[in-house]
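1. No letters, just coordinates:
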Ligand code: BDR
Ligand code: CA
């Protein structure tokens, strides 16, 4: 089996944590490193949470770097109302012992993309796109070396979750998202249209707990905590596993369908800041720049996820 090299750029976040666990459990993926960014909670917590999750998976060998602590040109907006004070509220997990790597995440991204063979490293952003945009600005030569960017962000049919028209990751740093979507790198977008169908219903949560390991237990408790927000807001059946859809797409792309369309980011309007304007219906002549996913085989996704988490 050929493995795909990935860098996970993340702001854990319970769903980021599950995405990382799925990647670390899957032999199809080689995690070259994890880069933390400010998003769901401030950077001091996201870099710590990334290390907590590596240790939970028994993978203290994964290099974790801290990146940008604020968006390119805006004040940081966080989401403790969804993820709790720590970002990983739910289970009681020990503080990490493994070190944070020296140096900035952006420099790790640049160095790694230059060192690896061109076209062999996939970037997996699960939070605001600040680190990725900063790396592209600092070292434009790396853009064409990226195999693909598979990111969680945006929405078309679901429109928004942090404002009426914007999804959280894009809203936090629309300028960064604009840079990434205009970069010319191949992009696959996993929007809310997909992730709002990946719901941890009661039987799916029971299946995590039934794994009977510390990982299964932690994922059950994280998704218990994380679901209350979406239940109250949308009346949904459970927590949407946004970010793990990115990892699942890399492992089993056949679980998803989408369209190759143009996606542009609203960076100016106060009313619709951070909106992902996806030309789903092909009504403009703007050139397609992204594979925008629209649907998921949710049962297949949870079967994959539960089976893989049981390996850790
Ligand atoms: C995204 O925002 C965060 O709250 C989640 O971790 C996910 O990446 C969903 O809008
Ligand atoms: Ca996230």
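-> Nice, thanks for sending it over. Quick caveat, the model's predicted, so the values are computed rather than measured. Residues are numbered from 1 along each chain as shown. Ligands and ions are numbered 1, 2, ... in the order given.

2. which stretches of the stretch 51-200 of the chain form helices?
-> 80-83, 105-115, 130-138, 168-172, 174-181, 192-195 (DSSP state H, counting those that start in this stretch).

3. Just the mean pLDDT for the first one, thanks.
-> Averaged over helix 80-83, pLDDT sits at 92.

4. wait, which of the helices of the stretch 51-200 of the chain is closest to ligand 2?
-> For these, the distance to ligand 2 is smallest for helix 168-172, at 6.3 Å, taking Cβ to the ion. No exception for glycine: its C-beta is placed from N, CA and C like everyone else's.

5. any residue of the closest one up close to ligand 2?
-> No - using Cβ under 5 Å from the ion, helix 168-172 stays clear of ligand 2, coming no nearer than 6.3 Å.

6. Which of the residues in that helix are classified as buried?
-> Buried residues in helix 168-172, counted by 16 or more other Cβ atoms under 10 Å: 168, 169, 170, 171, 172.

7. Measure how far that helix is from the centre of its chain, please.
-> 12 Å (Cα atoms, centre = their mean, to the nearest Å).

8. wait, does that helix contact ligand 1?
-> Yes - interface with ligand 1: helix 168-172 contributes 168, 169 (Cβ under 6 Å from any ligand atom).

9. Same question for stretch 284-295.
-> No - Stretch 284-295 stays clear of ligand 1 (Cβ under 6 Å from any ligand atom), getting no nearer than 14.0 Å.

10. Just name the most buried of the helices of the stretch 51-200 of the chain.
-> Of the helices of the stretch 51-200 of the chain, the one with the most neighbours on average (mean count of other Cβ atoms under 10 Å) is helix 168-172, at a mean of 29.

11. got a list of contacts for that helix?
-> 39-40, 71, 74, 76-77, 79, 125-130, 151-154, 160-163, 177, 265, 273-276 (Cβ atoms under 8 Å, 6 or more residues apart in numbering).

12. Could you tell me which of the residues you listed belong to strands?
-> Residues from the contacts of helix 168-172 lying in strands, with DSSP state E as the criterion: 125, 151, 152, 265, 276.

13. List the beta-bridge partners for the first one.
-> Pointing back at residue 125 there. residue 9 (DSSP bridges).

14. What segments of the protein are strands?
-> 4-10, 29-36, 64-66, 121-125, 146-152, 187-190, 199-200, 239-240, 256-261, 263-265, 276-278, 290-296.

15. Partner strands of the last one, with direction?
-> Sheet pairing of strand 290-296 (DSSP bridges) gives strand 187-190 (parallel), strand 256-261 (antiparallel).

16. Distance from the longest one to the middle of the chain?
-> If I follow you right, that is strand 256-261. With Cα atoms, centre = their mean, you get 18 Å for strand 256-261.

17. what about that strand, average pLDDT?
-> pLDDT averaged over strand 256-261 gives 98.

18. residues of it that come out buried?
-> Of the residues in strand 256-261, 256, 258, 259, 261 count as buried by neighbour count, 16+ other Cβ under 10 Å.

19. For residue 58, which non-adjacent residue is closest in space?
-> residue 312 (6.8 Å; Cβ to Cβ, 6 or more residues apart in numbering).

20. Count the neighbours of the one you found for me.
-> 19 (other Cβ atoms under 10 Å).

21. Now do the contacts for it.
-> 21, 24, 25, 56, 57, 58, 213, 215.

22. Ok, residue 48 next?
-> By Cβ under 8 Å, 6+ apart, the contact set of residue 48 is 95, 96.

23. just residue 210 next, same as before
-> Contacts of residue 210 by Cβ under 8 Å, 6+ apart are residue 216.

24. likewise residue 87?
-> By Cβ under 8 Å, 6+ apart, the contact list for residue 87 reads 11, 12, 13, 14, 40, 41, 45, 46, 49, 80.

25. and the protein, which of its residues are near ligand 2?
-> Counting by Cβ under 5 Å from the ion, the chain sits next to ligand 2 at 11, 13, 16, 126, 127, 243.

26. one more time with 6 Å
-> Within the chain, the positions near ligand 2 by Cβ under 6 Å from the ion are 11, 13, 16, 40, 126, 127, 243.

27. ok, the residue nearest to the second one when sequence neighbours are not counted - how many residues close by?
-> Ranked by Cβ to Cβ, 6+ apart and with sequence neighbours excluded, the top spatial neighbour of residue 13 is residue 40, at 4.2 Å. Summarising burial for residue 40: neighbours were counted as other Cβ under 10 Å, giving 30.

28. Pretty sure residue 40 sits against residue 85.
-> No - counting by Cβ atoms under 8 Å, residue 85 is not a contact partner of residue 40; they are 11.0 Å apart.

29. and the gap between the closest residue in space to residue 110 that isn't next to it in sequence and ligand 1?
-> With sequence-adjacent residues excluded and distances taken as Cβ to Cβ, 6+ apart, residue 110 is closest to residue 139, at 4.4 Å. Using Cβ to the nearest ligand atom, to the nearest Å, residue 139 is found at 25 Å from ligand 1.
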